[in-house]
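Student: Please find the sequence and the predicted model below.
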Amino acid sequence: MSVAVRFAPSPTGLLHVGNVRLALVNWLFARKAGGNFLLRLDDTDEERSKPEYAEGIERDLTWLGLTWDRFARESDRYGRYDEVAVALKASGRLYPCYETPEELNLKRASLVSQGRPPIYDRAALRLSDADRARLEAEGRTPHWRFKLEHTPVEWIDLVRGPVHFEGAALSDPVLIREDGRPLYTLTSVVDDADLAITHVIRGEDHVANTAVQIQIFQAVGGAVPVFAHLPLLTDATGQGLSKRLGSLSVASLREEEGIEPMALASLLAKLGTSDAIEPRLTLDELVAEFDIAKVSRATPKFDPEELLRLNARILHLLPFERVAGELAALGLDDADSAFWEAVRPNLSRVAEARDWWAVTHAPVAPAADDPAFLAEAAALLPEEPWDLSTWGTWTGAVKAKTGRKGKDLFLPLRRALTGRDHGPELKNLLPLIGRTRAQKRLAGETA
Ligand code: GLU
């Protein structure tokens, strides 16, 4: 049977690094196994689901290169969930309950105060037909709970190893709301079964759901998939990442922080695994290195500084073709590979290329604080054409003429040519600055 996985976000907010890590791990798992990857939007929460969030999810995944082979939207499948609900009611596994939220809260509080786990007491199972008729005559509409079997539930989790739950220690979950809407606990199982999902890889916040959902798979006659529950990322202080945490959203990493997709992918594919985090330029390399067995049970910490450092290391390796679009979007339409190769060692973010573009292509006020020396140097500037050897030839001649060396030789030249103390290697910048500008800047003119 071929491997099929899914990433099933609810379009109720922006994807953050924690969500997208699960998307990536699913995608890598599918690609490694030659299987397929489904994007499923869990949008049955109609109050909170928004089309702009759904679009955002697709945009974020596309930006990262996580293409999907299949797409499903739960709101398209209500008819199917109704069909399954009818069958579960007929077999007695779904039963109507009439408690109000307040009544349920009271029951829970009373159990907790007695030191007992807040498990639903199944009072609704003891209602007679007459009781139900009376409750409905009072205007109550039922919600529906799944009747768990009080047997052990066990699975071998690909990350956690053997997991054991007692059915009797779990509350019968509500699968259908009072307004007739099916809930995630049911819809997810129906989809996973219908779409022949073989491996469910998700966050460890779903472990208890899995115990319940395994019984639902069995009740609907679906094949129970293999499960893997990954520890959730925390921030650098160990706090959980909330879905609405704007600054760690994929959109803000892309649009505000200037993070490259492969920087994020290189980090998230390895965070919390036994592999070292290294810059990778293609998802194929990550696929080749991926193995879910490398995922550890320890809680991984997401550090934005680490991401930025990785972004810099990736930029230092990326060829011009991979950033040409981003450079053009910054307005650097004429940037070419010579420019890119000159400046990339000095960048943490592509947008910083603008500063160096200004140095090579726009007027610079030079810091010409040693005019006599600079005049001597200017007189020695070779004729064009210039190439990567020009800087060495020229400074060799200046050194021979003036006797200066090291910092005394190079720093005044750098300050005059670029207006700054630090920057990309002048061997690379000089041909981009060109003879006319260089001469003027050495003479102290803004050029
Ligand atoms: N929509 C669920 C969530 O975002 C999916 C969980 C699952 O993978 O089953 O948590």
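Tutor: Nice, thanks for sending it over.

Student: how close does Gly392 get to the ligand?
Tutor: Between Gly392 and the ligand the distance is 58 Å, computed by C-beta to the nearest ligand atom, to the nearest Å. From N, CA and C alone the C-beta is placed, and that goes for glycine too.

Student: Also Lys440?
Tutor: Distance check for Lys440 against the ligand: by C-beta to the nearest ligand atom, it reads 60 Å.

Student: Pretty sure that residue sits against Ala447.
Tutor: Yes: with contacts counted by C-beta atoms under 8 Å, Lys440 reaches Ala447, the gap being 3.4 Å.

Student: What helix or strand is Glu178 located in?
Tutor: According to DSSP states H and E, Glu178 maps onto no helix or strand at all.

Student: show me what contacts it?
Tutor: By C-beta atoms under 8 Å, 6 or more residues apart in numbering, the contact list for Glu178 reads Thr141, Pro142, His143.

Student: Then Leu268?
Tutor: Val17, Val20, Arg21, Leu24, Val25.

Student: now stretch 429-442: how far from the chain's centre is it?
Tutor: Relative to the chain's own centre, stretch 429-442 is displaced by 43 Å; criterion: C-alpha atoms, centre = their mean, to the nearest Å.

Student: Dump the C-alpha coordinates for it into CSV.
Tutor: Extracted C-alpha coordinates of stretch 429-442, given in CSV (Å, rounded to 0.1, in the frame of the first residue of the first chain):
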residue,chain,number,x,y,z
LEU,A,429,33.3,45.7,-5.5
LEU,A,430,35.8,47.7,-7.4
PRO,A,431,34.8,46.6,-10.9
LEU,A,432,31.2,47.3,-10.0
ILE,A,433,32.0,50.8,-8.8
GLY,A,434,34.0,51.5,-12.0
ARG,A,435,36.8,53.8,-12.8
THR,A,436,34.9,57.1,-13.2
ARG,A,437,33.2,56.8,-9.8
ALA,A,438,36.3,55.5,-8.1
GLN,A,439,38.4,58.4,-9.3
LYS,A,440,35.8,61.0,-8.1
ARG,A,441,35.4,59.3,-4.7
LEU,A,442,39.2,59.2,-4.2
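
Student: buried residues in that stretch?
Tutor: Leu429, Leu430, Pro431, Leu432, Ile433, Arg435, Arg437, Ala438, Lys440, Arg441, Leu442 (16 or more other C-beta atoms under 10 Å).

Student: Residues in contact with that stretch: which ones?
Tutor: Residues contacting stretch 429-442 (C-beta under 8 Å, 6+ apart): 338-339, 342, 356, 359-361, 364, 366, 368, 374-375, 377-378, 381, 383-384, 386-388, 390-391, 394, 413, 416-419, 423, 446-447.

Student: Quick one, which of these are buried?
Tutor: When these are checked against 16+ other C-beta under 10 Å, the ones flagged as buried are 339, 342, 356, 359-361, 364, 366, 368, 374, 377-378, 381, 386, 390-391, 394, 413, 416-419, 423, 447.

Student: Strands - which of those residues land there?
Tutor: Within the buried ones among the contacts of stretch 429-442, no residue falls in strands by DSSP state E.

Student: Tell me which of these fall in helices.
Tutor: Among these, the ones falling in helices (DSSP state H) are 339, 342, 356, 359-361, 374, 377-378, 390-391, 394, 413, 416-418.

Student: nearest to His164, of these?
Tutor: When these are ranked by distance to His164 (C-beta to C-beta), Trp356 comes first, at 59.2 Å.

Student: Now do the single longest helix found in the chain, average pLDDT.
Tutor: What stands out as the longest helix in the chain, according to DSSP H, is helix 17-33. Averaged over helix 17-33, pLDDT sits at 97.

Student: Greatest separation within the ones in helices among the buried ones among the contacts of stretch 429-442: which pair is it?
Tutor: Greatest spatial distance among these (C-beta to C-beta): Phe339 and Leu374, at 24.8 Å.

Student: beta partners for the residue of the stretch 101-250 of the chain found nearest the ligand?
Tutor: For the stretch 101-250 of the chain and the ligand, the shortest gap (C-beta to the nearest ligand atom) falls at Arg202, measuring 3.6 Å. For Arg202, the beta-bridge partners under DSSP bridges are His229.

Student: got the contact list for it?
Tutor: By C-beta under 8 Å, 6+ apart, Arg202 lies in contact with Ala8, Leu22, Phe227, Ala228, His229, Leu230.

Student: Ala54 now?
Tutor: Contacts here follow C-beta under 8 Å, 6+ apart; on that basis Ala54 touches Pro11, Leu41, Asp43, Arg73.

Student: Now find how far off-centre the stretch of helix or strand it belongs to is within its chain.
Tutor: Assigned by DSSP H and E, Ala54 belongs to helix 51-64. Relative to its parent chain, helix 51-64 has a centroid offset of 11 Å by C-alpha atoms, centre = their mean.
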